[in-house]
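K.L.:
mind looking at a prediction? Sequence and model below.
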Amino acid sequence: MEAIRNYVEALFAALPQREDVLRVKADMLANLEDKFSALLDEGKNEAEATGIVVASIGSAEELRSELGLDAEPAEIPSEPASKTVDPALAEEYRQYQERKHVLIAVAVALFILAPFVQNLFSTILSIDAIGTFLFFVMVTAGVVICIFATRRNAYYRELFGLGREDDTAR
């Protein structure tokens with residue numbers, strides 16, 4: 001469930017921190033937690049449930065549209081008010097966030113599909129070695145995509161004065 005919370009936090013990071021947006025975020029987290037629990041009750045493991053829940057979350061643009069924020073510029077967290085954020089940098093950050101969410105969704109899909117591919121080759125085609133090889137290739141690709149997708153996160157956190165990532169986890 002922690003991965004889902006982190007994903008939603010990242011999704012809402014570029015949105016205005018108004019009361020109505022925060023209420024939608026809290027409602028979304030509650031609904032996603034219920035969905036996650038229901039999937040666990042259905043017999044899914046945590047990884048499968050997390051992947052299904054994350055895949056069901058729309059993009060940042062869909063969320064902005066749903067909240068009626070299309071006309072408003074993305075709000076980028078910044079350091080004290082005396083420091084202004086360069087609009088080009090804010091746009092770069094917004095684009096990074098969109099790419100990151102898509103890449104994470106692709107990685108989660110690879111994690112979910114890897115056991116199915118292995119099972120397909122092992123059970124149906126009776127080729128265990130290829131199934132196992134493809135399983136590890138898909139998991140490795142998912143990990144590489146996750147690392148690639150989040151590699152600039154620390155840079156933006158420092159730039160916008162959010163502190164180190166591990167400070168927020170405490």
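P.N.:
On my side now, so go ahead.
K.L.:
how about the helices in the chain?
P.N.:
Applying DSSP state H to the chain gives helices spanning 2-12, 19-41, 46-56, 60-66, 87-119, 128-150, 153-159, 165-168.
K.L.:
could I get the ones you listed as TSV with mean pLDDT?
P.N.:
As requested, these are exported to TSV (pLDDT from 0 to 100):
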stretch	mean pLDDT
helix 2-12	75
helix 19-41	85
helix 46-56	77
helix 60-66	70
helix 87-119	84
helix 128-150	87
helix 153-159	71
helix 165-168	48
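K.L.:
what would those helices look like in TSV with mean neighbour count?
P.N.:
C-betas here are computed from N, CA, C, even on glycine. Shown next, in TSV, are these (neighbours: other C-beta atoms under 10 Å):
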stretch	mean neighbour count
helix 2-12	16
helix 19-41	14
helix 46-56	18
helix 60-66	15
helix 87-119	17
helix 128-150	15
helix 153-159	14
helix 165-168	10
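K.L.:
just the local confidence number for residue 73, please.
P.N.:
For residue 73, the model assigns a pLDDT of 50.
K.L.:
domains of this structure?
P.N.:
1-73, 86-170 (automatic domain parsing).
K.L.:
mind checking how far residue 130 is from residue 124?
P.N.:
Per C-beta to C-beta, to the nearest Å, residue 130 is found 12 Å from residue 124.
K.L.:
could you pull up the residues touching the most far-flung residue of the chain relative to its centre?
P.N.:
Ranked by distance from the centre of the chain (C-alpha atoms, centre = their mean), the top residue is residue 126, with 35.4 Å. With C-beta atoms under 8 Å, 6 or more residues apart in numbering as the criterion, no residue contacts residue 126.
K.L.:
repeat for residue 7
P.N.:
54, 57, 101, 104.
K.L.:
ok, which pair from these is furthest apart?
P.N.:
Greatest spatial distance in these: 57 and 104, 10.2 Å, computed using C-beta to C-beta.
K.L.:
find the nearest non-adjacent residue to residue 56, please.
P.N.:
Take residue 56 and drop its neighbours on the chain: the residue closest to it by C-beta to C-beta, 6 or more residues apart in numbering is residue 35, 7.1 Å away.
K.L.:
correct me, but the one you found touches residue 54?
P.N.:
No - applying C-beta atoms under 8 Å, one finds residue 35 not in contact with residue 54, separated by 10.6 Å.
K.L.:
need the overlap of contacts for these two.
P.N.:
When C-beta under 8 Å, 6+ apart defines a contact, no residue borders residue 35 and residue 54 alike.
K.L.:
nothing else from me, thank you.
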